[in-house]
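[1] take this sequence and fold it.
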Amino acid sequence: VVVVNDNGRSYAPTIGGLAEHLAGLRLQPAYERMLERGRSAVRGIPLIGEACFQAIHGMKVGIKDAVAPQTMFTDLGLKYVGPIDGHDLDTLVETLGNVRKLKGPQFLHVVTKKGQGYKLAEKDPIAYHGPGKFDPAMGLQKSTTPAKQTFTQVFGRWLCDMAEHDPRLVGITPAMREGSGMVEFHKRFPKRYHDVGIAEQHAVTFAAGMACEGLKPVVAIYSTFLQRGYDQLIHDVALQNLPVVFALDRAGLVGADGATHAGAYDLPFLRCIPNMSIACPADENECRKLLTSAFEQNHPVAVRYPRGAGAGVEPEAGLASLPFGKGEIRREGKGIAILAFGTLLYPALQAAEKLGATVVNMRWAKPLDTELLLKVAASHEALVTVE
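    Residues are numbered from 1 along each chain as shown. You can find the predicted model right below:
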């Protein structure tokens, strides 16, 4: 087992100590075998062997605890080694080589610093977490053109406004406060903010427990990371039909965040879950309104939105909602009807201008607006979905 402490944000307890570190770091298999032979020899003494062994073992534990207190991992039967400097590759490689020769489960605690060796990233690890292309000599440069509001910012402001309006709201994040836009919520509502660490499964079950007790949890989680809590989503939330809102950031392709963060699977893996609904806002204003729509429901709802900014539609003030499960026709045409889900509404409108096609802003991937779909199908030759 390897724990990497990234930029001081470790979710393991504060553990270890110099004596334990020195004892474990250079531990050799031969030394371990010698200890085992010694234990066997003491235990082999007739009549008093086991009592002697327990007495010696008790003394050893007492002395060890006085110098370096037992860790929770030692209590669980894991041999704890560390913490060691994860940037000292010689020591790291040597330690890994030693640990893999030992018998039984091992726990290696490795400490690293985000941005190690690049002062700008060391100073601001959040900004340099997924920055895209930039000049290393200059660092990140602020754009001179006013930035459009991102979907993440829309969610963060909605979360604060809805929390002000409804005291039942609680916010949950699996160690993604900044990435999910929850910094302001944390500052304003610290007792209703819960960071459960890098434990998506726990975040989902934790939300389920709160919903069972009458609260209204909002789980802010990247689309791709919800996959880790899939079993909990089905058994703990959906089958109990609990009112949990999942704010799925980074839905679809994510550019600079990389392939591991692409939310490419949420539509199919959520649609098949009983009681689950999925909202797909086309722009910033719809995002705010559909978040309210989701919060108003008495069952689980996911609102999926992409990384970065949308079409630049300014969100309206207030906490207005949109009709649950209903879409809208955004452009009347003939022949072909394009069914657009989410932010691809705007490219669909551009294409429809050239094709003379109808464009339907579906808004909901589940439930589908079947009444609207039947009406459109009856008057068009073909339906094309754009997701």
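[2] show residues contacting the strand or helix carrying Arg330.
    Assessed by DSSP states H and E, Arg330 sits inside strand 328-331. The contact list for strand 328-331, computed with Cβ atoms under 8 Å, 6 or more residues apart in numbering, reads 340, 345, 349, 352, 357-361, 363, 372, 376. Just so you know, the C-beta spots here come from the backbone N, C-alpha and C atoms, and that holds for glycine as well.
[3] what about it, average pLDDT?
    For strand 328-331, the mean pLDDT works out to 97.
[4] which parts of stretch 114-129 are buried?
    Buried residues in stretch 114-129, counted by 16 or more other Cβ atoms under 10 Å: 114-115, 120-121, 125, 128.
[5] so which two of these are the farthest from each other?
    Farthest-apart pair in these is Lys114 and Leu120; separation 11.7 Å (Cβ to Cβ).
[6] which neighbours do the two have in common?
    Tyr128.
[7] which parts of the stretch 151-300 of the chain are strands?
    169-173, 193-195, 216-222, 245-249, 277-279 (DSSP state E, counting those that start in this stretch).
[8] what helices or strands is the second one leaning on?
    I take that to be strand 193-195. strand 169-173, helix 183-188 (3 or more Cβ pairs under 8 Å, 6 or more residues apart in numbering; DSSP states H and E).
[9] pick the most deeply packed of these.
    Highest mean neighbour count of the helices and strands packed on strand 193-195: strand 169-173, a mean of 23 (counted as mean count of other Cβ atoms under 10 Å).
[10] if we can go back for a sec, out of the strands of the stretch 151-300 of the chain, the one nearest Pro46 is which?
    strand 193-195 (57.4 Å).
[11] what mean pLDDT does stretch 149-164 get?
    Here the average pLDDT along stretch 149-164 is 97.
[12] buried set for that stretch?
    Quick answer for stretch 149-164 (16+ other Cβ under 10 Å): 149-163.
[13] between the residues you listed, which is nearest Phe225?
    Looking across the buried residues of stretch 149-164 and measuring by Cβ to Cβ, the closest to Phe225 is Thr152, at 14.4 Å.
[14] from what I can see the closest one touches Asp249, true?
    Yes - if you go by Cβ atoms under 8 Å, Thr152 and Asp249 touch, sitting 5.7 Å apart.
[15] what is in contact with the two at once?
    With Cβ under 8 Å, 6+ apart, Thr152 and Asp249 have common neighbours 179-181, 307.
[16] need these in TSV (columns: distance to Lys187).
    Converted to TSV, the shared contacts of Thr152 and Asp249 look like this (distance: Cβ to Cβ, whole Å):
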residue	distance to Lys187
Gly179	16
Ser180	14
Gly181	12
Arg307	23
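[17] can you flag the buried ones in those?
    179-181, 307.
[18] and the buried residues of stretch 149-164, which of them are in helices?
    Among the buried residues of stretch 149-164, DSSP state H puts 151-163 in helices.
[19] next, the residue with the largest distance to the centre of the chain: phi, psi?
    Taking Cα atoms, centre = their mean, the residue of the chain most remote from its mean C-alpha position is Pro46, at 57.6 Å. Here is the backbone geometry of Pro46 (degrees, to the nearest 10): phi -60, psi 140.
[20] look up how far Cys52 lies from it.
    11 Å (Cβ to Cβ, to the nearest Å).
[21] try Phe189
    On the measure of Cβ to Cβ, Phe189 and Cys52 end up 59 Å apart.
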